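# Got a predicted structure here, sequence first:
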Amino acid sequence: MRFTVATYNIHKGFSHLTRRVVIHEVRDKLHGLDADVVFLQEVQGVHRQHAGRYRDWPLKPQHEFIADKVWREVAYGRNAITRHGHHGNAVLSRFPIVEQSNQDISAHAFESRGLLHCVMQLQRGLPPLHCINVHLGLFQRGRDWQVRALCERIRESVPANAALIIAGDFNDWRRKADRMLQNELGVVEVFEAARGRPARTFPSVLPVFRLDRIYARGLKIIAADVHYAYPLARLSDHAALAATFELSRSGAASR
């Protein structure tokens, strides 16, 4: 069975440099990608001040607003609680989410981070698919600890032969987390496998850094694409990534 996933840091629904609300354009962009599973980072669950300030601020949490009628299954992991609300990661899916769990991997008090782990049943007779949505910290020492926590989570909660996707914003411009994940978990970075190196995704105006990633294990990679927003400055400061996979009944890994 073939299916497509996408990952996108939506910058809390604001444009590059936080100049204007673009959550409606973000929703249209994501609907246009036609992905079956979407990993979102920096999702605003609630922000009472923005809701009162901006006329076009959605009445629903951003992940529910984006999901609309396209993705009927939604999981949200609240990572940061602020004076006006909270934000975190979200997974939107066309497939049933049979399990979900959010784990706090904050490395210090000033930067709240989490990993959202969802288990999906794509089709009767197929093995379950484990999806982990991450947003790692800005500092190397914290990221090292967070990657170790991610590896420990996977070793404890994901069977070695299970189909697995890890996607999100890794803030890993030095590729240290990349090497650790591939060595410790046996995953492949999808764009490196398909195109020779991870995709440039940040800043979206002139992408230089390879911050956003999709890793996979137990899946055949069919395609990998980078989606930039035009005009560039209107949407998030990150580009969106998408990848198409094939999951077989055996779930055997294939590059």
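Here it is on my side, so go on. Residues are numbered from 1 along each chain as shown.
# so residue 64 touches residue 74, yeah?
Yes. Taking contact to mean C-beta atoms under 8 Å, the distance of 6.2 Å between residue 64 and residue 74 places them in contact. (C-beta placed from N, C-alpha, C; glycine too.)
# Which strand or helix spans residue 31?
Using DSSP states H and E, residue 31 sits within helix 23-33.
# so what strands line up beside the helix or strand following that helix?
Past helix 23-33, heading to the C-terminal end, the next element that is a helix or strand (DSSP H and E) is strand 37-47. According to DSSP bridges, strand 37-47 forms sheet pairs with strand 2-9 (parallel), strand 85-93 (antiparallel).
# Output strand 37-47 as PDB, nothing but the C-alphas.
Included here for strand 37-47 are C-alpha records, laid out as PDB according to Å, rounded to 0.1, in the frame of the first residue of the first chain:
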ATOM      1  CA  VAL A  37      -0.400  11.800   7.200                       C
ATOM      2  CA  VAL A  38       0.800  15.300   8.200                       C
ATOM      3  CA  PHE A  39       3.300  16.100  11.000                       C
ATOM      4  CA  LEU A  40       3.000  19.700  12.200                       C
ATOM      5  CA  GLN A  41       5.300  21.600  14.600                       C
ATOM      6  CA  GLU A  42       4.700  25.000  16.300                       C
ATOM      7  CA  VAL A  43       0.900  24.500  16.300                       C
ATOM      8  CA  GLN A  44      -1.000  27.000  18.400                       C
ATOM      9  CA  GLY A  45      -3.600  25.100  20.400                       C
ATOM     10  CA  VAL A  46      -5.000  28.100  22.100                       C
ATOM     11  CA  HIS A  47      -3.900  31.800  22.200                       C
END
